[in-house]
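Enquirer: The sequence and its predicted three-dimensional model are supplied below.
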Amino acid sequence: MPLLTPGWPAPPGVRALLTTRGRSVADGASAAPHDFFNLGDHVGDAPAAVAANRARLQGAMNARPVFMNQVHGTQAMRLVPGVSDGVSADAAVTTHPQLACTVLVADCLPVLLTDAAGSAVAAAHAGWRGLAGGVLEQTLARLRALAAEAHSATENEANEVLAWLGPCIGADAYEVGAEVRAAFLAVDAGAAACFQPLSGAKFLADLPALARRRLAAQGVTRVYGNDGGPDWCTVTRRERYFSYRRDQAALDGSGRMAACIWRV
């Protein structure tokens with residue numbers, strides 16, 4: 001199965017993974033242009049193929065990935081036993097074992113979070129709208145509140161958070177308009193450093209760098225994963241990652257990858 005394991009010092013009892021698109025039919029049930037391991041049920045793929053891929057993922061995890069209806073907003077939902085798929089939200093938090101906070105991505109930035117004690121975990125879907133609107137701030141607030149409630153978390157451990165940034169559209173490929181830059185500068189003038197000007201009031205945006213700034217402002221300094229290097233770019237790494245911007249218009253479709261984090 002085409003899975004990547006984050007390289008970060010997660011506390012004992014916390015597990016995380018990122019799916020990739022897969023390189024052959026042995027990796028998944030989806031046909032082109034969603035080949036092969038597509039997990040999105042809203043992208044035009046055959047429902048049976050999506051269901052088969054999701055079942056295979058759940059079997060490999062020994063945990064249940066909970067899939068949300070992501071709307072590029074800031075809502076963070078709490079996962080509890082019996083929760084249904086399809087709730088409209090762009091982040092999830094939980095303290096319950098074997099329930100995996102899960103976000104689907106294909107250019108947007110997946111952010112996985114845990115407190116230092118591993119008492120609570122969270123996943124956030126950070127496209128530019130959600131990131132500018134405060135999805136990370138909302139998610140962190142809920143994560144820290146849940147960790148503080150847990151018997152195993154001290155106050156310091158609840159406030160200390162580790163973050164892992166997954167692959168996303170890279171800074172050399174992410175062309176945006178002036179309104180995107182303005183949305184970030186409205187709350188953080190220093191975010192100007194994350195935008196490189198192009199002609200015609202366009203800019204290249206560094207999404208992981210913007211996320212790191214937002215995390216740092218919330219006291220999260222232990223950040224791992226996507227450093228903006230070329231290996232993390234969903235657009236250029238065609239053989240590994242789905243990319244909406246690269247494939248939607250050219251191929252009339254793009255699959256979705258899943259970033260998951262859970263407690264065992």
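Expert: Thanks, I have the structure now. Residues are numbered from 1 along each chain as shown.

Enquirer: any idea of the pLDDT on R142?
Expert: pLDDT for R142: 97.

Enquirer: hmm, I was thinking of V105
Expert: 98.

Enquirer: show me the contacts for it.
Expert: Going by CB atoms under 8 Å, 6 or more residues apart in numbering, V105 touches 125, 166-168, 234, 256-259. For the C-beta atoms, the positions are set from N, CA and C on the backbone; glycine is no exception.

Enquirer: again, only using 6 Å
Expert: M257 (CB atoms under 6 Å, 6 or more residues apart in numbering).

Enquirer: Backbone dihedrals for it, both of them.
Expert: Main-chain dihedrals, V105, degrees, to the nearest 10: phi -140, psi 150.

Enquirer: is it in a bridge, and if so with what?
Expert: Counting by DSSP bridges, V105 forms beta bridges with M257.

Enquirer: Give me the distance between it and L146.
Expert: Note on V105: its distance to L146, by CB to CB, to the nearest Å, is 23 Å.

Enquirer: Just the pLDDT for H151.
Expert: Model confidence at H151, given as pLDDT, is 60.

Enquirer: buried sites along the helix or strand encompassing A60?
Expert: In the assignment (DSSP states H and E), A60 maps to helix 47-61. Neighbour-count burial for helix 47-61 flags 49-50, 53-54, 56-57, 61 (criterion: 16 or more other CB atoms under 10 Å).

Enquirer: got it, and stretch 10-19?
Expert: Going by neighbour count (16+ other CB under 10 Å), the buried part of stretch 10-19 is 10-11, 14-19.

Enquirer: Contacts for stretch 35-50 next, please.
Expert: With contact meaning CB under 6 Å, 6+ apart, stretch 35-50 is reached by 2, 19, 21-22, 25, 27-30, 34, 53-54, 104, 253, 255-256, 258.

Enquirer: same thing but at 8 Å, please
Expert: Contact partners of stretch 35-50, identified using CB under 8 Å, 6+ apart, comprise 1-2, 19-25, 27-31, 34, 53-54, 57, 67, 69, 104, 106, 242, 253-258.

Enquirer: Show the end-to-end separation of it, please.
Expert: In stretch 35-50, first residue to last residue: 11 Å (CA to CA, to the nearest Å).

Enquirer: what's the nearest residue to the residue nearest the centre of the chain if we skip its chain neighbours?
Expert: Centroid check for the chain by CA atoms, centre = their mean gives P110 as the closest residue, at 1.6 Å. Distance criterion CB to CB, 6 or more residues apart in numbering; nearest residue to P110, sequence neighbours excluded, is A259 at 3.5 Å.
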